[in-house]
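Visitor: coordinates only, sequence not included:
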């Protein structure tokens, strides 16, 4: 008997533990934290940041010296090739050779001139095989080579101006994206919260309707109410039951959406907690605008697009003419032994200037410059319009947030009054002093007031996080929204 009681108690504890584990009371801050950590939207934002980071790392690497080793190990040639004799006739000769070639080079891009400097060292072995075979080494112990465009656009210099701005834009966009994830979380959270409130309201209304109908039946038997009032209460009870069924379906649908967004198990039952409003916060338009222009990715985006438009014009102008300088200085030696190939070195220098000047191109290159300049003007016009829209959106957002705090207070007070009025009307109906029509009106007002309160609270939090997303500033804590990018990127 004791054993059965022990087993029963154990199973009951396990059942309660499983139930407690499956149910999750979720506050708004907890939902936001979960979304930022494990939602799909957060993963997309992180991958976009990683892409921007590695693009920036690639750009930085292009400014550093590059060491490379190349060669041909080996090149074996055993074939017939055509050979022209002194009298102009051709004959075929047999080639049977083995060649080995290796080169070690250190290269550096010169960002302030746009050129490239290389330091090379190479060794070439040619081995003629066969009866009359021989071996020949050619060494280049050191060779310094410079490749320098004279009038062309300096791509490296422009990239040094553009790429840091692009990376700064990506980092600011990542912080903004986390706030965008927050806005999505708020939407899903309040949808579930509203559906939960509607379900609780529907359950309460059904209990009240059933209770009032039972009381009305007794009153009808005593002749205290009319048949019409009794039927009206019966109809109200049926409508309350239908509303409850619809509220349950709506709750399950919204809970599924929030669970999927937060990557939670389908076995988890989420119980959203009604959040409180922030302490009194009044934000100023100029303060919000200055922080947005300083910290938002929009400011970096404008700067990058301006630089890219100027770069396109510089590229088009650089293509009007092209002069490239290639210079190589060094030493070389050759012999049939390895050591001798590094003795008696001789000068090995090459200077080459390539020139490309259009004589007659029917205005093609000049037209490309005009197109680039026109595109730059279009970009600048769009930027000016976007700045106007950006400032206007911030102004409206600030006004909406400041007004929403008052709207939320009004809705909260209306919710309390409507609930109190309904409770009073129920008690008054019990003693037969009001009609069912007045009671139904009080119930409808109560339900609408509760829904309005939740909706106003959603708008309040939505406006607040929109302001945070634009400014990357926490106005409740008076601190900037920062991210530890080294920890996030694991670098």
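Guide: Ah, there it is. The model shown is predicted, which means the values in this text are computed figures rather than measured ones. Numbers count the residues shown, from 1 in each chain.

Visitor: Now do the same contact list for residue 404.
Guide: When the contact criterion is Cβ atoms under 8 Å, 6 or more residues apart in numbering, the partners of residue 404 are 456, 459, 460, 463. Placement of C-beta: from N, CA and C, glycine included.

Visitor: What about this structure, which residue is the most distant from its middle?
Guide: In the chain, counting by Cα atoms, centre = their mean, residue 87 sits farthest out from the average C-alpha position, at 73.5 Å.

Visitor: ok, and what's touching the strand or helix carrying residue 354?
Guide: If you go by DSSP states H and E, residue 354 is part of strand 350-356. Applying Cβ under 8 Å, 6+ apart, the contact partners of strand 350-356 are 321, 322, 323, 324, 325, 326, 327, 328.

Visitor: Which of the residues you listed are buried? Put it as a ChimeraX command.
Guide: Remark: buried members of the contacts of strand 350-356, expressed as a ChimeraX selection using 16 or more other Cβ atoms under 10 Å:
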select :324,328
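
Visitor: Direction included, what does the strand holding residue 354 pair up with?
Guide: Its sheet considered, strand 350-356 pairs with strand 322-335 (antiparallel) by DSSP bridges.

Visitor: Quick one: mean pLDDT for the partner strand?
Guide: Here strand 322-335 scores 89 as its mean pLDDT.

Visitor: Spatially, what comes nearest to residue 133 if we skip its sequence neighbours?
Guide: Of all residues not flanking residue 133 in the chain, residue 127 sits nearest, at 7.0 Å (Cβ to Cβ, 6 or more residues apart in numbering).

Visitor: Provide the partner residues of the one you found in its beta bridges.
Guide: Beta-bridge pairing for residue 127 (DSSP bridges): residue 98, residue 135.

Visitor: how many other residues sit next to it?
Guide: 16 (other Cβ atoms under 10 Å).

Visitor: try residue 291
Guide: Using other Cβ under 10 Å, residue 291 has 19 neighbouring residues.

Visitor: so who does it touch?
Guide: Residues in contact with residue 291 (Cβ under 8 Å, 6+ apart) are 471, 472, 473.

Visitor: Residues in a beta bridge with the last one, which ones?
Guide: I take that to be residue 473. Beta-bridge pairing of residue 473 under DSSP bridges involves residue 480.

Visitor: Contact partners for it?
Guide: Applying Cβ under 8 Å, 6+ apart to residue 473 gives the contacts 291, 295, 479, 480, 481.

Visitor: Serialize these to JSON lines and add fields for pLDDT.
Guide: As requested, these are exported to JSON lines (pLDDT from 0 to 100):
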{"residue": "291", "pLDDT": "93"}
{"residue": "295", "pLDDT": "90"}
{"residue": "479", "pLDDT": "92"}
{"residue": "480", "pLDDT": "92"}
{"residue": "481", "pLDDT": "89"}
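
Visitor: Among the residues you listed, name the buried ones.
Guide: 291, 295, 481.

Visitor: and which of those is nearest to residue 39?
Guide: For those, the minimum distance to residue 39 (Cβ to Cβ) is 17.8 Å, reached by residue 481.

Visitor: Was I right to think the closest one contacts residue 474?
Guide: Yes - contact status for residue 481 versus residue 474: in contact at 5.9 Å, counting by Cβ atoms under 8 Å.

Visitor: Please identify every residue contacting each of the two.
Guide: The contact sets of residue 481 and residue 474 overlap at residue 468 (Cβ under 8 Å, 6+ apart).

Visitor: the helices in the stretch 251-400 of the chain, which residues?
Guide: Listed in chain order, the helices of the stretch 251-400 of the chain (DSSP state H, counting those that start in this stretch) span 285-295, 297-318, 364-430.

Visitor: Buried residues, the shortest one. List them.
Guide: Within helix 285-295, the residues that qualify as buried by neighbour count (16+ other Cβ under 10 Å) are 288, 289, 291, 292, 293, 295.

Visitor: Tell me the one of those residues nearest residue 406?
Guide: Comparing these against residue 406 with Cβ to Cβ places residue 288 closest, at 18.3 Å.

Visitor: Next, the contact list for the closest one, please.
Guide: Shown in contact with residue 288 (Cβ under 8 Å, 6+ apart): 394, 397, 398, 467, 470, 471.

Visitor: what about the fourth one, which helix or strand?
Guide: With elements delineated by DSSP H and E, residue 467 resides in helix 436-471, which encompasses its position.

Visitor: Quick one: distance of that helix to the chain centre.
Guide: Centre-to-centre, helix 436-471 and its host chain are 31 Å apart (Cα atoms, centre = their mean, to the nearest Å).

Visitor: I'd like to know which elements it is packed against.
Guide: Judged by 3 or more Cβ pairs under 8 Å, 6 or more residues apart in numbering; DSSP states H and E, the packing partners of helix 436-471 are helix 155-221, helix 227-262, helix 285-295, helix 364-430.

Visitor: looking at these, which is closest to residue 348?
Guide: Residue 348 lies closest to helix 155-221 among the helices and strands packed on helix 436-471, at 28.2 Å (Cβ to Cβ).

Visitor: Show the average pLDDT along that closest one.
Guide: Averaging pLDDT along helix 155-221 gives 90.

Visitor: One more: stretch 59-70?
Guide: In this model, stretch 59-70 has a mean pLDDT of 93.

Visitor: Can you give me the end-to-end span of that stretch?
Guide: Start and end residues of stretch 59-70 are separated by 23 Å (Cα to Cα, to the nearest Å).

Visitor: Noted, bye for now.
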